Structure formats: structure tokens, C-alpha cells
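**Student:** Give the three-dimensional model of this entry:
(2 chains)
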Amino acid sequence: MNKAIAIIASLGLTCGVAAGLQASPQKDQENFQSFYMERFPDVPKEDFVNGIYSIDPAGRENWEAIEEFPPYETAISNGDEMWNTPFANGKAYKDCFPDGPAVAGKYPYWDKERSMVVTLALAINECREANGEKPLKYKKGPIADILAYMAYESRDQITNVEIPEDDPKALEAYEKGKQFWFAKRGQLNFACATCHAQNPGALLRTEMLSPAYGHTTHWPVYRSKWGEMGTLHRRFTGCNKQVRAKPFKAQGEEYRNLEYFLTSMSNGLPLNGPGARK
Amino acid sequence: MLSFRKAFAGAVSATAIAVSTLTLIPTIAGAEAPTSDVEAGKKIAMDRRKGNCIACHQMAGGEGPGNIGPPLVAMQARYPDQARLHAQIWDSTAANPASAMPPFGKHEILTEEQINQVVAYIMTL
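**Tutor:** Residues are numbered from 1 along each chain as shown, chains lettered A, B, ... in the order given. Got it, this is the predicted structure:
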């Protein structure tokens, strides 16, 4: 508990402190990662990509059984087909992503010209719209399929989100995401950090709370509770609803900034999406 | 006519507040709570959409409790002053800003009556 408060103090309360004392994203990352590694000293660093299953042996056994016939396989093959099917204008996804589908490790990134965080889901829809196709809905369905395919092709790439120092707007977006993560919200008054920094490993009823280190590595996810695939922003929405807060728009500025901050906290961890969760 | 109605409505709600305040006094003063309050409080404490105390606290008779908060035992010894328990449920962040507990009164998650019933129940643990 005291350590949780220390991480909150070292990360969350730095906003507004004189610039000279303000922790850098680099320092935040070190604090964040060492917090979880000290909290769960028996978990090998790379195992944090497995989320809750890195710390819950009983849940892990069920999950490993599920992974033998992964419930996200259909999504990967649907996404594969989407990737290889030309748009009505004859072009295809590969014309927007010349390096191929294995590019998940490059997202999210700061686009200096547009002064905004660009996520992979956003880039996919921008590709569609540039080619006269309708954008996909952001939380489930075909967007999760194409993301699943691209995530699968990108497995083992290393999370490496940069907060470019030559643009204060990038740091601002990062700070907004950080603030979002630490801000209590909703009727129930929970921050992301309340469960996932103060209480990872504790039980909420019979559900164990997951550590946030590694939260972003394995999306999209087939979630048994959903009975289907969903995106990271769908999960953000669900978390906000659970604390009785009004969710923000999937791929709106708030969640993109949150993704920017949260993904950077897992810098150095390999990507292992798509995933399966309870 | 309109202003009369308004004045009348105001008078009624003022009375309602006075009455509800009166009914609170015995509970706050620490008198033995009626069994019906204790039972109602237990239901609220176990109900996922109401108090849901069981989500974070171990309580005698509650199945599958969480462990984010401390077990609710020896409550009379821990809270000789019932008003302090009431305040804790109403807004635990007043005493401890880092508390993870939802502010049940401040955020109107439970009504004043429901909080009093929960207090009555918790004091029996």
C-alpha cells in the first residue's frame, strides 16, 4: 500500500510541480516498471505480458488450456482475408502500410504535423477512408479482426513508444494520458490506478486485479465475458462504465492519450497479441 | 396559483426533511438498531448494485468476499463511536485521501436511510 502511494506520488502528483522537478517519461517508466517487479518479485519481467495470468496460477491453468485452441483464431483469419482483399478502388491495406501487416510495434506514435497521437486502429480507418471505404466501428467486429491479424503478424516486436522531446505537445499528450490514469472518476470514484497500481493481486469479490505493467501488449482480445473479440478502447469503455463514469469515445483524444501513456509504461515488453481473457 | 403551489411544495419537502432527520437521531445516538434495519443493511451490503461491501471486505456469512479492504470483524470495538463508521461509509476519502473505498454518501450511491441500515448491520459484525 505504501509503495502504491509512492508510485502515485512519483508519477501522478508530479503534474504542476516546477518543471525542473517534473519526472520525465523515462523516469516514470523506470518507476512504474520497478514498482510491479518489486511487488511481484517471482514474476519474470517478460511474463507481465500475460497480464493477470502472470500472478494468478489457478487462472493461468485455465487460460493455458484455452490457448491450446485459441478463440481468436477466426479473427486472425478474417483479418488476413481483409488484408488481402482489395478495396473497391483496387487499392488495399498494403498501400497504406507499405511495410506490411507486422507494424503494431510502431503504434501508438506522436504525429508532429497533426499534433496528435496516432493509434493503429485510427491508421486503419484513415486508410479505409482515404480509399473511399466506410470507417469501421472501433470497439468490436471487423476492426478487431484486422487488428488481430496485424497483432499476430507483429508478435515479438518490442513495445517502444517514444515521447519526442522536440515537441512539447507530445509531452502534453503523454501527461494528459497519465493524468487520466491516475484521476479518480465516476460515481464509484475509482482511478485506473486504484485497482491496477494500489491493488493488483488483491481480490475484487473473486476476481483478481491485474498489474498494469503489460496491459497493452496483447490486444485485441477474445474475452469470454464478451463472447467475442474486442479492442483496447472497448476495454477502456468497460472499465469506465464499471466505475459508473461516462465512457469517452473510442479513439477520441482522451483514450488515445491514455493508450499513449499506458503503452509507454510497458516499453521493452514484447507484443503478444491477440490474446484470450476471461 | 403557480406561486402557491411552489410555496406548498416547498413546505412539504421541508417537513419531509425534518421528519427524516428526526428518524436518524436514534441510530446516530447508538441505540440498539431494530432487527429490520440490520436485515435490510445486510441485503444492501451483499447486493452487487447497492453497497456491495462484500466485493472488498470479508464479512461473516458472505460468500466469495474480496480482500481489498480489511475484514469487517469486531466492529463495535473498532468503532465505539458509531458516527465515525457512518462518516467512513459516507466518504472514506475525508479521513484518508488514498482510500479506494467509494464515497457512498457523498456520491449518493446509497441513500441516507440505506447507509444507516448498513451501519446497523456492520455494527453487529
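**Student:** In the stretch 51-200 of chain A, what residue lies closest to chain B?
**Tutor:** Using C-beta to the nearest C-beta, the closest approach of the stretch 51-200 of chain A to chain B is made by A:Leu188 at 4.4 Å. Quick note: C-beta positions are derived from backbone N, CA and C, even for glycine.
**Student:** Need the pLDDT of B:Gly61.
**Tutor:** B:Gly61 carries a pLDDT value of 88.
**Student:** got it, and B:Val12?
**Tutor:** On the pLDDT scale, B:Val12 gets 37.
**Student:** Repeat that for A:Leu13.
**Tutor:** Among the per-residue scores, A:Leu13 shows a pLDDT of 44.
**Student:** picking up where we left off before, give me the neighbour count for the residue of the stretch 51-200 of chain A closest to chain B.
**Tutor:** 19 (other C-beta atoms under 10 Å in any protein chain shown).
**Student:** List the contacts of it.
**Tutor:** A:242-244, B:102, B:107, B:109 (C-beta atoms under 8 Å, 6 or more residues apart in numbering or on different chains).
**Student:** cutoff 10 Å now
**Tutor:** A:194, A:242-245, B:52, B:100-104, B:107, B:109 (C-beta atoms under 10 Å, 6 or more residues apart in numbering or on different chains).
**Student:** cool, and A:Phe69?
**Tutor:** A:Ala276.
**Student:** Likewise for the one 3 residues further on?
**Tutor:** Applying C-beta under 10 Å, 6+ apart, we find A:Tyr72 in contact with A:79, A:144-145, A:148, A:151-152, A:218, A:220-223, A:228-229, A:273-276.
**Student:** Look up which helix or strand the residue positioned nearest the centre of chain A falls in, please.
**Tutor:** Note on chain A: the residue nearest the mean C-alpha position is A:Thr216, at 3.1 Å, using C-alpha atoms, centre = their mean. Using DSSP states H and E, A:Thr216 is not contained in any helix or strand.
**Student:** if I pick it, what's in contact with it?
**Tutor:** A:49, A:51, A:108, A:159, A:161, A:232, A:259-266, A:269, A:271, A:273.
**Student:** Could you check how far the helix or strand hosting A:Val117 is from the centre of its chain?
**Tutor:** Per DSSP H and E: A:Val117 is located in strand A:116-118. Its chain's C-alpha centre lies 14 Å from the corresponding centre of strand A:116-118 when counted by C-alpha atoms, centre = their mean, to the nearest Å.
**Student:** Backbone dihedrals for A:Ser264, both of them.
**Tutor:** phi -60, psi -30 (degrees, to the nearest 10).
**Student:** Can you tell me which of the contacts of A:Leu188 is closest to B:Ala94?
**Tutor:** B:Pro103 (8.2 Å; C-beta to C-beta).
**Student:** Neighbours of the nearest residue to the closest one once chain neighbours are set aside, how many?
**Tutor:** Distance criterion C-beta to C-beta, 6 or more residues apart in numbering or on different chains; nearest residue to B:Pro103, sequence neighbours excluded, is B:Asp91 at 4.0 Å. Neighbour count of B:Asp91, defined by other C-beta under 10 Å: 17.
**Student:** what secondary structure does A:Ala193 sit in?
**Tutor:** helix (DSSP: H, G, I helix; E, B strand; the rest coil).
**Student:** my read: it touches A:Trp181, true?
**Tutor:** Yes: the pair A:Ala193 / A:Trp181 is scored as a contact, 5.9 Å apart, by C-beta atoms under 10 Å.
**Student:** List the buried residues in stretch A:135-151.
**Tutor:** Under the neighbour-count criterion of 16 or more other C-beta atoms under 10 Å in any protein chain shown, stretch A:135-151 has A:136, A:138-151 buried.
**Student:** Also stretch B:52-65?
**Tutor:** B:52-59, B:62, B:65.
**Student:** is chain A contacted by that stretch?
**Tutor:** Yes: with C-beta under 10 Å from any C-beta of the partner chain as the criterion, chain A is reached by stretch B:52-65 at B:52, B:54-56, B:58, B:62-65.
**Student:** can you list these in TSV and add distance to A:Glu254 and secondary structure?
**Tutor:** Formatted as TSV, those follow (distance: C-beta to C-beta, whole Å; DSSP: H, G, I helix; E, B strand; the rest coil):
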residue	distance to A:Glu254	secondary structure
B:Asn52	27	coil
B:Ile54	32	helix
B:Ala55	27	helix
B:Cys56	27	coil
B:Gln58	36	coil
B:Gly62	36	coil
B:Glu63	38	coil
B:Gly64	34	coil
B:Pro65	34	coil
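**Student:** Name the nearest of these relative to B:Thr35.
**Tutor:** Nearest to B:Thr35, judged by C-beta to C-beta, of the residues of stretch B:52-65 next to chain A is B:Gly62 at 18.7 Å.
**Student:** mind listing what the closest one touches?
**Tutor:** So B:Gly62 contacts A:205, B:42, B:45-46, B:53-55, B:72, B:125 (C-beta under 10 Å, 6+ apart).
**Student:** again, only using 6 Å
**Tutor:** Neighbouring residues of B:Gly62 by C-beta atoms under 6 Å, 6 or more residues apart in numbering or on different chains: B:Ile54.
**Student:** which residues make contact with stretch A:85-95 from outside it?
**Tutor:** Residues contacting stretch A:85-95 (C-beta under 6 Å, 6+ apart): A:83, A:131-133.
**Student:** Among the residues you listed, which ones are in helices?
**Tutor:** Under the assignment DSSP state H, the contacts of stretch A:85-95 contribute A:Trp83 to helices.
**Student:** Buried ones only from the contacts of stretch A:85-95, please, as a ChimeraX command.
**Tutor:** Filtering the contacts of stretch A:85-95 down to the buried ones (16+ other C-beta under 10 Å) takes a single ChimeraX command:
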select /A:83,131
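**Student:** Report the two of the contacts of stretch A:85-95 separated the most.
**Tutor:** Farthest-apart pair in these is A:Trp83 and A:Gly132; separation 17.6 Å (C-beta to C-beta).
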